[in-house]
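Undergrad: next come a sequence and a model predicted from it.
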Amino acid sequence: MGEQARGLGAALAKAGKPLPPWLLRPTLMPHLAAVWGAFLSLSSCRQVGMGLGPIPWTAMDRYATRMDLTDPDDFAEFEYLIRAMDTKYLEIVRDKEEEKPNRGRA
């Protein structure tokens with residue numbers, strides 16, 4: 001969090017006001033920026049049907065090939081990080097879906 005954001009957070013806390021969600025988000029470490037960008041790009045490859053599906057392995061493999069990520073250990077780490085983000089993302093989406101009213105479903 002930057003200095004201005006910390007100052008804003010302190011002022012809001014002192015005033016007893018809630019912090020906006022954007023102020024609570026975690027800081028992205030610079031060395032993970034490329035993986036975050038890959039996750040955002042790969043999210044468009046999901047299967048959509050009865051619900052949102054995970055990012056396919058084939059899409060990760062194709063992306064890694066395009067980005068010249070050919071070392072097996074590097075790909076394993078890339079896949080692990082994408083899967084970890086994807087699992088959490090799908091969990092958040094499913095939790096939000098469960099919170100919605102049933103809208104006439106029996």
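TA: Received it, and whenever you're ready, just let me know what you need.
Undergrad: give the buried residues for stretch 64-74.
TA: Within stretch 64-74, the residues that qualify as buried are 64, 69, counting by 16 or more other C-beta atoms under 10 Å. In short, each C-beta sits where N, CA and C put it, glycine included.
Undergrad: hmm, I typed the wrong one, I wanted stretch 38-48.
TA: Residues of stretch 38-48 classed as buried by neighbour count (16+ other C-beta under 10 Å): 38-39, 42, 46.
Undergrad: stretch 78-85 too?
TA: Judged by neighbour count using 16+ other C-beta under 10 Å, the buried positions of stretch 78-85 are 78-79, 82, 85.
Undergrad: what does the helix or strand of the chain with the lowest mean pLDDT contact?
TA: In the chain, the helix or strand scored least confidently by mean pLDDT, DSSP states H and E is helix 21-24, which has a mean of 73. Taking contacts as C-beta atoms under 8 Å, 6 or more residues apart in numbering, the residues outside helix 21-24 that touch it are 1, 5, 8-9, 12.
Undergrad: hmm, try it at 7 Å
TA: 5, 8-9 (C-beta atoms under 7 Å, 6 or more residues apart in numbering).
Undergrad: same question, stretch 56-64
TA: So stretch 56-64 is contacted by 38, 41-42, 45, 75, 78-79, 82 (C-beta under 7 Å, 6+ apart).
Undergrad: can you give me the mean pLDDT across that stretch?
TA: Taken as a whole, stretch 56-64 has an average pLDDT of 97.
Undergrad: neighbours around residue 53, how many?
TA: Applying other C-beta atoms under 10 Å, we find 13 other residues in the vicinity of residue 53.
Undergrad: now whichever helix in the chain runs longest, how far from the centre of its chain.
TA: Scanning the chain for the longest helix, with DSSP state H as the assignment, gives helix 72-99. Remark: helix 72-99 is offset 7 Å from the chain centroid, using C-alpha atoms, centre = their mean, to the nearest Å.
Undergrad: quick one on the thing from earlier: dump the contacts of stretch 56-64 to JSON lines, plus distance to residue 59 and pLDDT.
TA: Formatted as JSON lines, the entries for the contacts of stretch 56-64 read as follows, by distance: C-beta to C-beta, whole Å; pLDDT from 0 to 100:
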{"residue": "38", "distance to residue 59": "10", "pLDDT": "97"}
{"residue": "41", "distance to residue 59": "9", "pLDDT": "96"}
{"residue": "42", "distance to residue 59": "5", "pLDDT": "97"}
{"residue": "45", "distance to residue 59": "4", "pLDDT": "95"}
{"residue": "75", "distance to residue 59": "13", "pLDDT": "97"}
{"residue": "78", "distance to residue 59": "12", "pLDDT": "97"}
{"residue": "79", "distance to residue 59": "11", "pLDDT": "97"}
{"residue": "82", "distance to residue 59": "9", "pLDDT": "97"}
